[in-house]
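>>> Structure, please.
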Amino acid sequence: MAAQAKKDGIWETVKTVVYALLIAGIFRTLFFQPFWIPSGSMKDTLLIGDFLFVNKMAYGYSRHSCPFSMCPFSGRIFGSDPERGDVVVFRHPVNGQDFIKRVIGLPGDTVQVREGLLYINGEPALVTPEAPFEEEYGRQGPAGHLPRCSNAPVGEGGTCEKERFTEELPGGVTHSILNIEDGSRGDNTPEYVVPEGSVFVMGDNRDNSVDSRFPQSIGGVGFVPMENLLGRADRVIFSSAGRRMVYFWTWRADRFFEAIE
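The predicted structure is shown next:
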């Protein structure tokens, strides 16, 4: 009897663990999607090696974000519209890769960059200079990217700087942006009119981001259909500056559970 009770207890424990894993898997599939930051296009808001969960319910489900293998609908269901300033993960309209950028323009907006300054509906964004963003010049993340620096050339292990500003969008949303050099190819653009059902996105690291400033015909993102939005990024859960997650001495504990603004 004692042996049978022990066996039954072990079996109940196994079932509990299995059920918990199933529930966690369903919860993750339905509501959240994990995402690692692979590049520096969103510095200093997001750093290479940041790990976050994407809120898939923020904008509802589309055929791209549907948790099931086949979805019998087009467009979006259950969700609200994105807001200017949201940091979003989306499926690239052409190559299907997952990207993360900030929503700058909404349907009907005109968006243009002139001499590095963002204009929305003809009005310039308010930009306030801040202390430079500094990081070590060295290989970052599993891909080993080297950062670009406004104070280049910088030797390995030296301090890599970028100009930093606080940018205020219409509606009062503020966030940090970086500038590496003046006169880069994204510093002067045509005036774009965001079509219905799409958004205009940009990276916060303005001279190191392939985004809606560049049309899809030349390898850019162009306008992003709302049905391509996978969700909103709200909070960094974990962060590591090293080439491998197991290198615990490279963990950025000050970024754990940090809100994304």
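
>>> which non-adjacent residue is nearest the residue nearest the centre of the chain?
Nearest to the geometric centre of the chain sits Ile100, at 3.0 Å (CA atoms, centre = their mean). Closest residue in space to Ile100, ignoring its immediate chain neighbours: Val89 at 4.9 Å, by CB to CB, 6 or more residues apart in numbering. From N, CA and C alone the C-beta is placed, and that goes for glycine too.

>>> and the closest residue in space to Gly49 that isn't next to it in sequence, how many neighbours does it have?
For Gly49, ignoring the flanking residues on the chain, the nearest one in space by CB to CB, 6+ apart is Ser240 at 4.5 Å. Applying other CB atoms under 10 Å, we find 22 residues neighbouring Ser240.

>>> so how far is stretch 161-171 off the chain centroid?
17 Å (CA atoms, centre = their mean, to the nearest Å).

>>> going forward can the numbers begin at 51, since that is how I track them
Noted, 51 is the first residue going forward, which turns the last one into stretch 211-221.

>>> Only the buried residues of it, if you could.
Glu211, Lys212, Glu213, Arg214, Phe215, Glu217, Leu219 (16 or more other CB atoms under 10 Å).

>>> Can you add secondary structure and give those residues back as CSV?
As requested, these are exported to CSV (DSSP: H, G, I helix; E, B strand; the rest coil):
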residue, secondary structure
Glu211, strand
Lys212, strand
Glu213, strand
Arg214, strand
Phe215, strand
Glu217, strand
Leu219, coil
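
>>> Starting from the least confident helix or strand in the chain by mean pLDDT, tell me the next helix or strand along the chain.
The weakest-scoring helix or strand in the chain, judged by mean pLDDT, DSSP states H and E, is helix 52-81 (a mean of 46). Following helix 52-81 in sequence order, the next helix or strand is strand 82-86 (DSSP states H and E).

>>> Quick check: neighbours of that following strand in the sheet, parallel or antiparallel?
strand 100-105 (antiparallel) (DSSP bridges).

>>> Just the mean pLDDT for the partner strand, thanks.
What strand 100-105 shows for mean pLDDT is 92.

>>> Stretch 168-181 now?
On average, stretch 168-181 scores 97.

>>> cool, and stretch 193-208?
92.

>>> Name the surrounding residues that touch it.
88-90, 93, 98, 182, 185-190, 209-213, 229-231, 257-258, 293 (CB atoms under 8 Å, 6 or more residues apart in numbering).

>>> make it 10 Å
88-90, 93, 98, 182-190, 209-214, 228-232, 255, 257-258, 293 (CB atoms under 10 Å, 6 or more residues apart in numbering).

>>> May I see the buried residues of it?
For stretch 193-208, by 16+ other CB under 10 Å, it's Pro197, Arg198, Cys199, Ser200, Val204.

>>> Please apply the same query to stretch 158-176.
Residues Asp159, Val161, Gln162, Val163, Gly166, Leu168, Ile170, Ala175 are the ones in stretch 158-176 that count as buried (16+ other CB under 10 Å).

>>> what residues are up against the residue lying closest to the first one once chain neighbours are set aside?
Excluding the flanking residues, the one nearest Asp159 by CB to CB, 6+ apart is Val244, at 4.8 Å. With contact taken as CB under 10 Å, 6+ apart, Val244 is in contact with 154-161, 170, 250, 262, 273-274.

>>> Likewise for Val163?
154, 169, 175, 236-242, 252, 256, 263.

>>> got a list of what Gly221 touches?
Glu133, Arg134, Gly135, Ile170.

>>> Would you double-check that it falls in a strand?
No - counting by three-state DSSP, one finds Gly221 to be coil, located in no strand.

>>> Quickly note the distance from it to Arg282.
Going from Gly221 to Arg282 by CB to CB, to the nearest Å gives 16 Å.

>>> export stretch 300-311 as PDB, just CAs?
Taking C-alpha atoms only, stretch 300-311 is exported to PDB below (Å, rounded to 0.1, in the frame of the first residue of the first chain):
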ATOM      1  CA  THR A 300      27.900  40.200 -18.400                       C
ATOM      2  CA  TRP A 301      24.300  40.400 -17.200                       C
ATOM      3  CA  ARG A 302      22.800  43.900 -16.900                       C
ATOM      4  CA  ALA A 303      20.900  43.600 -13.700                       C
ATOM      5  CA  ASP A 304      19.900  47.300 -13.800                       C
ATOM      6  CA  ARG A 305      17.800  46.600 -16.900                       C
ATOM      7  CA  PHE A 306      15.900  43.600 -15.500                       C
ATOM      8  CA  PHE A 307      12.100  44.400 -15.700                       C
ATOM      9  CA  GLU A 308      12.800  47.900 -17.000                       C
ATOM     10  CA  ALA A 309       9.800  49.600 -18.600                       C
ATOM     11  CA  ILE A 310      10.100  50.500 -22.300                       C
ATOM     12  CA  GLU A 311       9.400  54.200 -22.900                       C
END
